[in-house]
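next input, structure requested:
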Amino acid sequence: MGRIKTAIFILVAGTLVVAQPIRKNGDCTGLTPRLNASSGENWGQFPIKPTSGFAVGTYQPPLTPQQSINCVETPPDLVPEIIEDESIQGCNPGPHYLMYFTFDERGRVWAVDARDYPNTINSNRTTGGQGRILIMEDTDGDGALNSCKEFYKGLVIPTSVEVVKGGVVVSVHPNVYFIPNNNDVGGTPELLYSGASAQNYDTHGGINSLTYSIDNWVYGHTGAKFNPTGNAFTVNGVDASNGSTWRFRNPGIGSMGTSTFQLWTTGDANAHGIGQREDGNFFQSSATSGNRASHSIRRGERAISMITGNGNSVYNPITGDLYLWEGNNTPPAGRTATSGFDFYTARLLPEKYNNRFFMCDGAYSMCHQDEMAVSNSGATAGSFNATFLTGTNGNIIASKDAWFAPLKVRTGPDGALWVLDWYNYLFLHNPASPGGAGGAWCQSNNCNSPGNLRTKTRSRIYRLLPKDGAPQPYLNLGSSATEATLVNALSHTNFMWRLQAQKQLIYRTTLSAATLDLLEAILKSQATPDAMGNDPAATHAIWVLEGRGLLASDAARWAPVVQAALGNSAWATRRNIVQAVPRTAAYGTVLTAACAVNDENAQVRIQAMVAIDEGATSTQAMWTSFDIGKVTSARTAAGISTSGTRPCTPTTGALPARVTVSIAAGRAGDLPNQLRYNLIGTGLELNVNLQLPSGELVVYDLRGQVAFRSTFENGHWSQTSVQNLKMPVYFYTYHSKDGGTLKGQIPMTGNL
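Residues are numbered from 1 along each chain as shown. The predicted structure follows:
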């Protein structure tokens, strides 16, 4: 889906220029680190001298976008471009102080411009501030963001924004607001959740990172509570402050049911950054801890040990001009201010990036990349492990420009990896302790950051493209998109578009019967898993049904569909289905029939354990005795205390003593359709009165494990029957020696 390309001309200082992505066009200009004052080169002096611990010195000046990108380094298979900078037109004032961004259903950028950070605060967080929400767009299709609108102004230090039904939610500590969208103009903010907090707070501890997750909840973080007199974030009696992750649903933003706020996890050091994999696994980052992120399994449970690997490794900045905090310019061991955690979730970049996650450290002027792997066996089954890529190989982007301050990474609508550059010499709070209550914020003007070192006049957004590849076209999944278009987008190669399609299908007032039939067909289709072990369309289809409340309201229709879908060979899809289904007896029966607790994949087993613990199978026998090792490791990984062992006996319904079944579908080539079998209880008996060419029959279960093999020669089977088939459905493939193939399903009820 291409877009017409029209050049946009901008008059700058009397010169007519074309707005387009900026790429390198030369070498990095000579830069003198601030600490190298003895060189005699004087780039200027700090406009103020901190009260202690820091000497007046020289510092590198800010660079133009073209100069700055010339100082950027990326892996050799990627090409960086600046697609937004302070010259963008339409917002007044134009230059920005961007701290966070997200996308809408048209691929437009929504960003918070926190111009008061870190020093301005008042009791009314939605008026009197300079903070804004901006909408930026590429109107001509060349990749550069050339149009900017001011959606709302007056917020006091907004830290994140997420697009929801009818508007946006925005975090403005200690509150979460909903701002209606009136044709790209923000209406009156509505308070969703109010946290009790002292007015004078440490800006380390603000709420941040609002993220719409695949499970239809909006998640957020609360930073560290360094100042003991403030920073509380307590909602409806739930203390979600000091390194907590929390989530909410609200009918005012398109969620089903009543308004619900939940604490998710606690204890992440100075948390800033939420990332989710395509398989639905969820992670939250820590700014200064040894573990760069922790894996969330369920509400109330996180597992730091699930992401490990060389925890003491140090990031590799390529600039020596590090002006940090408290008068200290010596980099600490490990990391200083990691933020913006996320995964790459498209297919434009080379395949090696598919399983990697990224962390930015603006104080070091770089973003790091790590490999991610998941264990599926032994005592660590279900756990994640990060391999720390060392040296400059570990940088996904870094710069010699000391003003380069990457803050957030996201997979863009074009399939590229996008990086928000805050572009500030002072990445952290104040240059020295304010001498007050011990926090990084104070009201005295003496605590203001050195004037032009925090100019609040520049911002850049980079995208990283493959060296030999073009960006992908945008979609428009807004109100003009048909339901069929939205359903089709559920299988897009970019998770960002799939999630947008999921949201729009949930937000529609009604869905047609034809659309529901399409969703049912997707769940039953058993598509071949992708490289991530996922059937994307089916994974998002189950969450569409969950988000609209259909799984709960019409279990008579959807429970059988769910049972069939649990035969999907994509483990990530099975995991999401088990996670999504209501915790009711009807779906407990389904999970029991599928023996989900003994799934071959540990991630599915973990979610089955969570389902048990949350009551879905309180009256069902779902534990298995013949593979207790898998169950034990999954239960341990899930943080579940349930103990005991019960047999797993699938509920298949009343079976006649013998059912003869003729396969009526699945022919391929010219193989005669003569395969017949008999069902006997939980067993299978092959019919010998056949006119089949010689070949082999392979019967396998819904996990891909072979349950039965038999060769057919001269009218006889090498093995005629098998017993104790415990799955609700099996699959078969018959390969004849003359090249013919016959495939199909064997439902143990005898009903095709």
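
now the residue nearest the centre of the chain: closest residue in space that isn't a chain neighbour?
When CA atoms, centre = their mean is applied to the chain, the residue found nearest the centroid is residue 276 (2.5 Å). Of all residues not flanking residue 276 in the chain, residue 282 sits nearest, at 5.1 Å (CB to CB, 6 or more residues apart in numbering). From N, CA and C alone the C-beta is placed, and that goes for glycine too.

I'd say the one you found and residue 274 touch.
Yes - under the criterion of CB atoms under 8 Å, residue 282 makes contact with residue 274 at 7.5 Å.

now the common contact residues for these two.
residue 219 (CB atoms under 8 Å, 6 or more residues apart in numbering).

give me the pLDDT value at residue 460.
For residue 460, the pLDDT comes out at 95.

what's the separation between it and residue 466?
Going from residue 460 to residue 466 by CB to CB, to the nearest Å gives 21 Å.

and if you look at residue 567?
For residue 567, the distance to residue 466 - CB to CB - is 36 Å.

same drill for those two, tell me which one is more crowded.
Higher neighbour count among residue 567 and residue 466: residue 567, with 20 against 16, using other CB atoms under 10 Å.

verify the stated contact: the more buried one with residue 729.
Yes - using CB under 8 Å, residue 567 makes contact with residue 729 at a distance of 5.2 Å.

helix or strand right after the helix or strand hosting residue 519?
Following DSSP states H and E, one finds residue 519 within helix 513-524. Remark: after helix 513-524, the chain's next helix or strand is helix 536-547, criterion DSSP H and E.

what angle separates that following helix from helix 513-524?
Comparing the axes of helix 536-547 and helix 513-524 via axes from the mean of the first three to the mean of the last three CA atoms, to 10 degrees yields an angle of 120 degrees.

how far off centre is the helix or strand following helix 536-547?
Next helix or strand after helix 536-547 toward the C-terminus (DSSP H and E): helix 550-553. Mean-position distance between helix 550-553 and its chain equals 25 Å (CA atoms, centre = their mean, to the nearest Å).

then stretch 713-730?
Averaged C-alpha coordinates place stretch 713-730 at 43 Å from its chain's average position (CA atoms, centre = their mean).

quick one: least confident helix or strand in the chain?
strand 667-668 (a mean of 34; mean pLDDT, DSSP states H and E).

how many residues are close by residue 716?
11.

11 is where my numbering starts, stick with that
With the count now opening at 11, the last piece we talked about shows up as residue 726.

how far out from the middle of the chain is stretch 253-263?
Counting by CA atoms, centre = their mean, stretch 253-263 comes out at 16 Å from the chain centroid.

roughly how far does the residue nearest to residue 286 sit from residue 616?
In terms of CB to CB, residue 292 sits 13 Å off from residue 616.

same question for residue 481.
From residue 481 to residue 616 the distance is 36 Å (CB to CB).

same question for residue 364.
The value you get for residue 364 to residue 616, if CB to CB is used, is 22 Å.

higher neighbour count, the two?
residue 616 (29 against 18).

that one contacts residue 394, doesn't it?
No - assessed by CB under 8 Å, residue 616 is found out of contact with residue 394, at 11.5 Å.

helices or strands up against the helix or strand hosting residue 471?
Using DSSP H and E, residue 471 maps to strand 470-476. Counting contacts by 3 or more CB pairs under 8 Å, 6 or more residues apart in numbering; DSSP states H and E, strand 470-476 is packed against helix 75-79, strand 88-94, strand 405-409, strand 427-431.

at 10 Å instead, please
helix 75-79, strand 82-83, strand 88-94, strand 108-113, strand 405-409, strand 416-421, strand 427-431 (3 or more CB pairs under 10 Å, 6 or more residues apart in numbering; DSSP states H and E).

buried set for that strand?
By 16 or more other CB atoms under 10 Å, the buried positions in strand 470-476 come out as 470-476.

could you single out the nearest of those to residue 169?
Using CB to CB, residue 471 comes nearest to residue 169 of the buried residues of strand 470-476, at 17.5 Å.

if I pick that closest one, what's in contact with it?
Residues counted as contacts of residue 471 (CB atoms under 10 Å, 6 or more residues apart in numbering) are 91-95, 98, 108, 111, 119, 121, 146, 154-155, 418, 420, 422, 428-431.

the nearest residue to residue 95 once chain neighbours are set aside - how many residues pack around it?
In this structure, residue 95 finds its nearest non-sequential neighbour in residue 75, 4.2 Å apart by CB to CB, 6+ apart. Residue 75 sits with 17 neighbouring residues when counted by other CB under 10 Å.

again with residue 740
Neighbour tally, residue 740, other CB under 10 Å: 20.

what's the answer for residue 79, then?
26.

roughly how far does it sit from residue 88?
Residue 79 is 13 Å from residue 88, where distance means CB to CB.

these two touch, right, residue 274 and residue 256?
Yes - taking CB atoms under 10 Å as the definition, residue 274 is a contact partner of residue 256 at 5.4 Å.

who has more neighbours out of these two?
Taking neighbours as other CB under 10 Å, residue 274 and residue 256 compare with residue 256 leading, 27 against 21.

give me the secondary structure label for the more buried one.
strand (DSSP: H, G, I helix; E, B strand; the rest coil).

tell me the contacts of it?
Applying CB under 10 Å, 6+ apart, the residues contacting residue 256 are 186, 203, 205, 217, 227-232, 243, 245, 248-250, 271-276, 309.

ChimeraX command for the buried members of these?
Only the buried entries of the contacts of residue 256 go into this ChimeraX selection, using 16+ other CB under 10 Å:
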select :186,203,205,217,227,228,229,230,231,232,243,245,249,250,271,272,274,275,276,309
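
any chance you could map the strands in the stretch 561-710 of the chain?
In the stretch 561-710 of the chain, the strands defined using DSSP state E, counting those that start in this stretch lie at 669-672, 677-678, 686-690, 693-696, 705-710.

would you map the strands across the stretch 161-310 of the chain?
Using DSSP E, counting those that start in this stretch, strands in the stretch 161-310 of the chain cover 170-174, 177-182, 185-190, 200-204, 217-222, 228-232, 244-245, 248-249, 255-259, 270-275, 284-286, 292-295, 303-308.
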